[in-house]
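1. Here is a sequence with its predicted model. Questions after.
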Amino acid sequence: MSNDPTDADARLRDLRGLRQTRRFTEDPVTDDVIARILDIARWTGSAGNSQPWEFIIVRDRAMLEQLCGIGPSAQFIGKAPLVIAVVLAGANPRSEAYDEGRVSERIMLAAQALGLGSGTAWWGNEEFAAQAQELLGVPPEKAMLSCVALGYPQPVQRQAKVGLGRRPLSELVFSGTYGQPWQPASR
Ligand SMILES: Cc1cc2nc3c(=O)[nH]c(=O)nc-3n(C[C@H](O)[C@H](O)[C@H](O)COP(=O)(O)O)c2cc1C
């Protein structure tokens, strides 16, 4: 990795700028692009290097429309060019939840590097997740809770009904023990 501070600034700007994409253009996403993204994803770290993930690439429009109808949060995937459903081994739900977050973010970051937008969608509760899992033929001993939609982003996005800002560091970060303010030394 380069040590050039200009590169660091650009990388940090990209990391900070990663947003949830919910509206996509109709431009096709090639298998080559998907393969590049998944090749990055498979190198994500996981608990004990267990790599508890498998991926299902779903492009079929009728299937996407069925998946988007399950629960209230996944509606936007109905119009996405594709989703990558994240299947977990189902052996260690606690560590796999962490691994799922990491690998999903890695998919989103790789997509960003290739000029694509991405959005994570959760099927919300056990009942919805089980419906989605059955629809995609995932064995019941595994777990499938979410997917990442991918495509080229429309310039105007639909935002969630939740706030978009972020809490300031002064509210989030303590020094030494919980509750002690952190006052960073200025450069
Ligand atoms: C664990 C998790 C689950 C999410 N599930 C959904 C979802 O089901 N549908 C959706 O539209 N956005 C979903 N999001 C996206 C969040 O709403 C979004 O990240 C948040 O509102 C901040 O917006 P930003 O990512 O554009 O900055 C999810 C994000 C995370 C981390």
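-> Cool, the structure landed.

2. alpha carbons only for contacts and neighbour counts from here, please
-> OK.

3. which one is residue 56 nearest to, not counting chain neighbours?
-> residue 85 (5.0 Å; CA to CA, 6 or more residues apart in numbering).

4. looking at it, residue 53 is touching residue 87, isn't it?
-> Yes. In this structure, residue 53 is within contact of residue 87 by CA atoms under 8 Å, at 5.5 Å.

5. Buried ones in stretch 86-105, by neighbour count?
-> Buried positions in stretch 86-105, judged by neighbour count with 16 or more other CA atoms under 10 Å: 86-90, 96, 99-100, 102-105.

6. cool, stretch 123-136 as well?
-> With burial defined by 16+ other CA under 10 Å, the residues of stretch 123-136 counted as buried are 123, 128-133.

7. List of residues touching the helix or strand hosting residue 62?
-> Per DSSP states H and E: residue 62 is located in helix 61-68. For helix 61-68, the external contacting residues (CA atoms under 8 Å, 6 or more residues apart in numbering) are 58, 74-80, 82-83, 132, 135.

8. mind saving the C-alpha coords of that helix as CSV?
-> Coordinates of each C-alpha in helix 61-68 appear next as CSV, following Å, rounded to 0.1, in the frame of the first residue of the first chain:
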residue,chain,number,x,y,z
ARG,A,61,-36.0,-10.4,-12.0
ALA,A,62,-39.0,-12.5,-10.8
MET,A,63,-36.8,-13.8,-7.9
LEU,A,64,-35.7,-10.3,-7.0
GLU,A,65,-39.3,-9.2,-6.9
GLN,A,66,-40.2,-12.0,-4.6
LEU,A,67,-37.3,-11.4,-2.3
CYS,A,68,-38.1,-7.7,-2.1
